[in-house]
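Trainee: model the structure of this input:
(2 chains)
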Amino acid sequence: SQQGEEDPQALSIQEGENATMNCSYKTSINNLQWYRQNSGRGLVHLILIRSNEREKHSGRLRVTLDTSKKSSSLLITASRAADTASYFCATAQNPNKLVFGAGTILRVKS
Amino acid sequence: DGGITQSPKYLFRKEGQNVTLSCEQNLNHDAMYWYRQDPGQGLRLIYYSQIVNDFQKGDIAEGYSVSREKKESFPLTVTSAQKNPTAFYLCASSRGQGGNQPQHFGDGTRLSIL
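Mentor: So this is what the prediction gives:
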């Protein structure tokens, strides 16, 4: 079963603009992770945010977590054509397993 | 460079045939995972292993089998019992328990039916 649901399903922006993707989940979690997948490739880990954290940054990425609303957002600032990819959130309901959402397809036009 | 190697990149299966997908990691990670990805969907967990000689079924284990005889290797066999095997298969590993650690992924094997 899929725990996280990303929104929107697809997003198209111009280079230099910011991109925001959202993830909602249903049950309590230990942590939430964001991954990127380029077409035809494996996933690359971006950020892990624990349930007691509210915000985390990594370079041009900012992730927020609101456990009261069971939601997270990923913000990519000053987007580049190379950011074109699918982005997935994944939640850990137990220590052994991640459950992935269906992803947001981001297209950055140059 | 440390990483995960999946082979082959493309694989074709005939009716009634078992096929094995290879996954090798040199990250010295204890835990390894197999996921299936269908077009436009997220990843679904097939099997995972936290330690050598032990593995657990994931959410969609029917029609698949695995072994974990060595720390660095976690091959997946797609058996003839899996009636809809066409998908992109991804192997991953993590240093500790995969729900609490980042997972590192290989570049996948795309399996199709002949």
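
Trainee: quick one, helices of chain A?
Mentor: Shown for chain A, no helices are assigned by DSSP state H.

Trainee: pull out the buried residues from the helix or strand of it with the lowest mean pLDDT.
Mentor: Averaged element by element with mean pLDDT, DSSP states H and E, chain A has its least confident helix or strand at strand A:5-7 (a mean of 87). Along strand A:5-7, these residues count as buried under the neighbour rule (16 or more other C-beta atoms under 10 Å in any protein chain shown): A:5, A:6. C-beta: built from backbone N, CA, C; applies to glycine.

Trainee: could you confirm whether it reaches chain B?
Mentor: No. Residues of strand A:5-7 are not located near chain B by C-beta under 8 Å from any C-beta of the partner chain, the shortest gap being 8.5 Å.

Trainee: what's that strand packed up against?
Mentor: strand A:19-24, strand A:85-94 (3 or more C-beta pairs under 8 Å, 6 or more residues apart in numbering or on different chains; DSSP states H and E).

Trainee: so what strands line up beside that strand?
Mentor: Strand A:5-7 has the following sheet partners, assigned by DSSP bridges: strand A:19-24 (antiparallel).

Trainee: mind putting the helices and strands packed on strand A:5-7 into a markdown table with distance to residue A:32, mean neighbour count and mean pLDDT?
Mentor: Formatted as a markdown table, the entries for these read as follows, by distance: least, C-beta to C-beta, whole Å; neighbours: other C-beta atoms under 10 Å in any protein chain shown; pLDDT from 0 to 100:
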| stretch | distance to residue A:32 | mean neighbour count | mean pLDDT |
| --- | --- | --- | --- |
| strand A:19-24 | 7 | 20 | 97 |
| strand A:85-94 | 5 | 22 | 90 |
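
Trainee: make JSON lines out of the ones you listed and add distance to residue B:20.
Mentor: Converted to JSON lines, these look like this (distance: least, C-beta to C-beta, whole Å):
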{"stretch": "strand A:19-24", "distance to residue B:20": "34"}
{"stretch": "strand A:85-94", "distance to residue B:20": "27"}
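
Trainee: tell me which residue is most central in chain B.
Mentor: A centroid search over chain B (C-alpha atoms, centre = their mean) returns residue B:34, at 2.9 Å, as the residue closest to the centre.

Trainee: leaving out chain neighbours, which residue sits closest to that one?
Mentor: Leaving out its chain neighbours, the residue that sits closest to residue B:34 by C-beta to C-beta, 6 or more residues apart in numbering or on different chains is residue B:46, at 4.3 Å.

Trainee: name the helices or strands packed onto the helix or strand where that neighbour lies?
Mentor: Secondary structure assigned from DSSP states H and E places residue B:46 in strand B:43-51. Under the contact definition 3+ C-beta pairs under 8 Å, 6+ apart, strand B:43-51 sits against strand A:97-100, strand B:31-37, strand B:54-57, strand B:64-66.

Trainee: flag the shaky bits of the chain, pLDDT-wise.
Mentor: Unless you meant another one, I'm taking chain A. Segments of chain A classed as low confidence (criterion: pLDDT under 70) are A:1-3.

Trainee: to clarify, I was referring to chain B.
Mentor: Confidence mapping of chain B against pLDDT under 70 gives the ranges B:1.
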